[in-house]
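Enquirer: fold the stuff below for me.
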Amino acid sequence: PHALGCCRQETVRLEMVARFRPLGAVLVALLASVAHGFNVPLSLGTKRIPHAGFAQLGINSRGLGHSAAPGVGRCNVASSSLLVKMTATEQPEVEEKEDRGHRISSNTRFLGSRRLAAASKVMAKGGEKSRVREAAEILIKTPKDPKRILGSKRLRAARDILFTGVNGKEDKKMFGSRRLASARKVLVGGLPKPVVEVVSEPAAAQPLHDEVPAAATVLASPEEEEAPFDMWAPREGPLQFAGTVATDAQVKEVERIRGLIAEIPAEERAKMTDWVDTLFDEDIFRYVIQFKDSAFQRIKETAVFRAEEGIDNILETDAEKFERYFEAGKEEIVYLAPDKRDRPILLYRSAYHWPGVFEPKEYTRFILYQTEKTRQRYGLGITRQSCVIVERVGSGHKNQDPALLKVLLPTVLNHYPMYIGDVYIAPISTVFFIVWKLIQLILDEATKRRFHLLKGDYTAKLLEVVEADSLPSTLGGTLDVGDFCAKQRALDKVETNLAKLEDQMLETNGDEGALTFAGKTATPDQLVAVAELQVNIASLTDRDREELGPWLSTLENVDLFRFLTVNGFSAERAWKALKETSKWRKDEGIDGILDEDLSSVFEEGKQEVYILPKDKLGRPIVVYRSALHQPGKIDIKTFCRFVVQQVEGARGEYGLGLTSQASFIVDRVGSGRQNQDVALLRELVPTLQKHYPQTIDKIYVAPVNTVFFIIWTVCKLLFDKDTQERVVLVQDPIEPELLEVTQPEVLPKNLGGDRLVPEAGVVWG
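Expert: As a prediction, this is how the structure comes out:
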């Protein structure tokens, strides 16, 4: 009955459900809860099981979840709030309940979505007496779609292998050949078959856990929806954090606070963020450790703070700004791989900090952004604390910023309690001791004990807790921080794209958010091919990057989809084409072409190629005014470079190649045979076809005459069949056809519009 009270459907209203027999109504509610999977919050206890909190972490937990059992899980049943939106679409979604205390934002989807959708159709259309039974049979007996499910699970598995290690046991470093090879193997070859692991008979002194029923344990099959690839594997044992095990009294306090959270008055709850509903037991435990009796009040204050500052969505809203916050090579704040105690390392390079360059509140927000991202990647604040290293090599009084500390420290200590473990500061000086005395005034005793001021042989002391290849070379280790940051930016880009693909795997029927370009929506197999290319990009070696340049690391999923489209959706052929384009861009200096001044290529008022705003179909317009062209007057390489610069500019201004294709107009008004240049076409057309595939939609040639038809008969041999079909020959009068797809205020006057283009000499009607 409680589960039924939580259910809200879009196509099947509660009134209809109320007419079902009691048994049927309960079954409907249970089906919704089971299909919901991991997002059903479970009761407090000892076993680590994913629950709704993963929505806060930005992780999509798919598949059927573990059933609730006494003493198992993270949350109290009273906090259960996410409901399945039963629609007649193919992929139902998890919907947010509107009642107070139950607001958990999530777009989590689950692998049984197609069967659940079929069941929901039966619920909506079937006979009242049989619909529950039919829906249950569909959910239980309908065969899974292996291509769709495996595609989605491959993406998830490869992503987790690449960014969190294999079951958490791989090397901690971001770029490990074993990890990359494993990810590629999963994407290309599929998930491995179930493995039978023979467990030897244990000695009497070391009995197996009661849950192990026999000597042979079958590991969960990747095809089973009950075994998703999670960022953090389940952990047995009592509630604990950072080595501190909760006492019975603390466990009861966590339970009590969770109950108080569910009872927060609506008026007060309206000022808070959904974060308060997604807290793990460890989160509440941190507050209990740090603030004791005032833990609940502090949690409420943090919930209000997160709502006011928009922290829950900071990884989406602030990504563009903060991913390039510092100048390359001069990053002040960097999260490194975990130390020997499995704590992610936060490195602060104080020598690069100049007070006043960044506003303290914005700088603090940047640190919160990095902290939230590290929570996703390493479970910071859930399974572990961070290790902070303050690198003061080259730092002096000029780099000290008390104004920043006054904003930063209270924010971190009040709203991220216990996130920081040990803080190592090296090397120290007399000036630092003066600053330290000021800092101590706002720190409690427990926090003070976490600081380690290192002098003398500080390298040896740091190597006791940090691997040499994770310790900056400036502190005696072997890590090149600048190189690490460059690789990390590339890896973050790939991770973001893989995360998008993971969601898009279930959005291939025209849903908003599906990977689409030029009217084509990627299929599951094509999404896997895109993911394979992303993994290839992530696996580039230093030598590869030096040879190919930086372009590959900047690509979006849609760029890879374009290259796949023109290469028969062969990942191998597309990867070869991408590398060739990247090499061409490096050799020709295309990545910096927008900074070049090419304004002198054409005489004033005689610019032959120019860009216009979007037409009625949302396509930016590229115009080539052939009447101004004199073969041989301008070097062909220079001409092509000017065109490429225009195309690159249109990508940034109009989303060319990202969200739109171009409409290409060959303006032949006043043009004749003397303006035709076959040599230019031989150079320009292959360049655009090879390095900017799928960026041109239609090519309008206007007006055309007999001479042009002769020229076109020869020139079309340079184009592939697809390009030939894109060419539209417009005869006089040209105005009606061009104005059918272009607004008068956009179309140039000499082509029948109202627009003047002085740089191209269009100054008359």
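Enquirer: switch to C-alpha atoms for all contacts and neighbour counts from now on
Expert: Fine.
Enquirer: pLDDT wise, what is the residue nearest to residue 702 when sequence neighbours are not counted at?
Expert: With C-alpha to C-alpha, 6 or more residues apart in numbering as the criterion, residue 702 has its nearest non-adjacent residue at 4.8 Å, and that residue is residue 730. What the model reports for residue 730 is a pLDDT of 91.
Enquirer: surely residue 730 and residue 705 touch.
Expert: No: with contact defined as C-alpha atoms under 8 Å, residue 730 does not count as touching residue 705 (9.4 Å).
Enquirer: between these two, which one's more packed in?
Expert: Shown here are residue 730 and residue 705; by other C-alpha atoms under 10 Å, residue 730 has more neighbours (17 against 14).
Enquirer: so what's that one up against?
Expert: Neighbouring residues of residue 730 by C-alpha atoms under 8 Å, 6 or more residues apart in numbering: 700, 701, 702, 703, 704, 737.
Enquirer: what's the ChimeraX line that selects buried ones from those?
Expert: Filtering those down to the buried ones (16 or more other C-alpha atoms under 10 Å) takes a single ChimeraX command:
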select :700,701,702,703,704
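Enquirer: now the contacts of residue 730 in a markdown table, with distance to residue 726, pLDDT and secondary structure?
Expert: Shown next, in a markdown table, are the contacts of residue 730 (distance: C-alpha to C-alpha, whole Å; pLDDT from 0 to 100; DSSP: H, G, I helix; E, B strand; the rest coil):
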| residue | distance to residue 726 | pLDDT | secondary structure |
| --- | --- | --- | --- |
| 700 | 9 | 94 | strand |
| 701 | 11 | 91 | strand |
| 702 | 14 | 92 | strand |
| 703 | 16 | 92 | coil |
| 704 | 16 | 87 | coil |
| 737 | 15 | 92 | helix |
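Enquirer: for the contacts of residue 730, work out which two are farthest apart.
Expert: 704 and 737 (13.1 Å; C-alpha to C-alpha).
Enquirer: tell me the mean pLDDT for the longest helix anywhere in the chain?
Expert: The residue-count maximum for a helix in the chain (DSSP state H) belongs to helix 481-504. Across helix 481-504, pLDDT averages out at 83.
Enquirer: look up phi and psi at residue 473.
Expert: Geometry field for residue 473 lists phi and psi as phi -60, psi -30, criterion degrees, to the nearest 10.
Enquirer: check the one 5 residues further on too.
Expert: As for residue 478, its main-chain torsions (degrees, to the nearest 10) stand at phi -120, psi 0.
Enquirer: pull out the buried residues from the longest helix of the chain.
Expert: For helix 481-504, by 16+ other C-alpha under 10 Å, it's 481, 484-485, 487-488, 490-491, 493-495, 497-504.
Enquirer: which stretches of the chain have low pLDDT?
Expert: Filtered on pLDDT under 70, the chain yields the residue ranges 1-152, 159, 163-181, 184, 188-236, 506-512, 764-765.
Enquirer: ok so, going back, ok, the residue nearest to residue 702 to residue 279 distance?
Expert: Distance from residue 730 to residue 279, counting by C-alpha to C-alpha, to the nearest Å: 64 Å.
Enquirer: coming back round to it: residues in contact with the longest helix of the chain?
Expert: With contacts defined as C-alpha under 8 Å, 6+ apart, helix 481-504 is touched by 152, 155-156, 159, 163, 174, 323, 328-331, 334, 472-473, 513-515, 527, 531, 534-535, 537-538, 553-554, 556-557.
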